[in-house]
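> Predicted model follows, preceded by the sequence.
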Amino acid sequence: MKKVLIFLLPLGFFVLVALFLFQGLFSDPRARDSSLVNKPLPDFNLPDLMQPQVEYTPEVFKGQVSLLNVWGVWCITCAIELPYLTELSDNGVRIVGLYYDQDTDPDFGTKTVGTIQQEVNAKLGQLGNPYAFNIFDTYRDYSLDLGVTGAPETFLIDKKGVIRMHHIGDVNPRVWKNKIGPVYQRLMSE
């Protein structure tokens, strides 16, 4: 009996680990449920990137279906998605940028707002500007409130300021057609 138990315990453990790892082969590493979906945007009061004297609150999202796109000039994938986001914007999709820069942190560097504005203008001039405006997440606090793990990430916000979808990664024609677009169209018709 002891010999059978000594054989079965490691075998059982091996089978459990193998099943766990096998399941991972078929999962989407970017699929992550956000705890904020179907909840109002967290409160914020942040400046406009290009006009720091202008400040935004969640009220700016009320009355219009919008995409809130978290991005930065340092983000290579953000640069890849900018032309497609610009195409969406040209077709009437309201896109608001939530911009943060890694180099405004004293531990990583000390860029001035003017330098950041120049970099943003250059990048958007080169690849297209889909943004109605850019909210400047100066210290990345708001990105943390949203649960952002990196850039790009996009939130679909309804006319009441409620987050209806969270997408990690770039927005491209396939993602728009299969994931974001149908929900966007439904929200527009409500």
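Received the coordinates, thanks. Just so it is clear, the structure is predicted and the values come from calculations on it, not from any experiment.
> all helices of the chain, in order?
For the chain, the helices defined by DSSP state H cover 2-24, 76-90, 113-127, 141-146, 173-175, 181-189.
> residue ranges with poor pLDDT in this protein?
Within the chain, the ranges that satisfy pLDDT under 70 run 1, 4-5, 21-22, 24-34, 103-110.
> Find the residue at the geometric middle of it.
By CA atoms, centre = their mean, the chain has its centre lying nearest to Glu153, at 1.4 Å.
> Who does it form a beta bridge with?
Going by DSSP bridges, Glu153 is paired in beta bridges with Val70, Ile168.
> Surely it and Gly72 touch.
No. The pair Glu153 and Gly72 fails to qualify as a contact (CB atoms under 8 Å) at a distance of 11.2 Å. Using the backbone N, CA and C atoms, a C-beta is placed for each residue, glycine as well.
> so who does the residue nearest to the centre of the chain touch?
Contacts here follow CB atoms under 8 Å, 6 or more residues apart in numbering; on that basis Glu153 touches Asn69, Val70, Leu146, His166, His167, Ile168, Gly169.
> quick one: which of those residues is nearest to Pro40?
Relative to Pro40, the closest of the contacts of Glu153 is Leu146; by CB to CB it sits at 12.0 Å.
> Next up, the contacts around the closest one.
Leu146 neighbours (CB under 8 Å, 6+ apart): Leu36, Pro42, Val70, Leu98, Glu153, Phe155.
> Now distance to Phe136 too, for those residues, in CSV please.
Conversion of those to CSV gives the following (distance: CB to CB, whole Å):
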residue, distance to Phe136
Leu36, 21
Pro42, 16
Val70, 12
Leu98, 9
Glu153, 17
Phe155, 17
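> which of those are buried?
Leu36, Val70, Leu98, Glu153, Phe155 (16 or more other CB atoms under 10 Å).
> out of the contacts of Leu146, what pair is the most spread apart?
Pro42 and Glu153, at 14.3 Å, using CB to CB across the contacts of Leu146.
> For Val175, which non-adjacent residue is closest in space?
His167 (6.6 Å; CB to CB, 6 or more residues apart in numbering).
> Distance of the one you found relative to Val120?
Taking CB to CB, to the nearest Å as the measure, His167 falls 22 Å from Val120.
> how deep is His167 tucked in, by neighbour count?
His167: 20 surrounding residues under other CB atoms under 10 Å.
> Next: the one 3 residues further on.
The local packing of Asp170 (other CB under 10 Å) involves 22 other residues.
> hang on, isn't it packed against Pro83?
No. Between Asp170 and Pro83 there is no contact under CB under 8 Å: 10.7 Å.
> Return the distance of stretch 177-190 from the chain's centre.
Taking CA atoms, centre = their mean, to the nearest Å, one finds stretch 177-190 lying 17 Å from the centre of the chain it belongs to.
> for that stretch, which positions count as buried?
Neighbour counts over stretch 177-190 (16+ other CB under 10 Å) mark Ile180, Gly181, Tyr184, Leu187 as buried.
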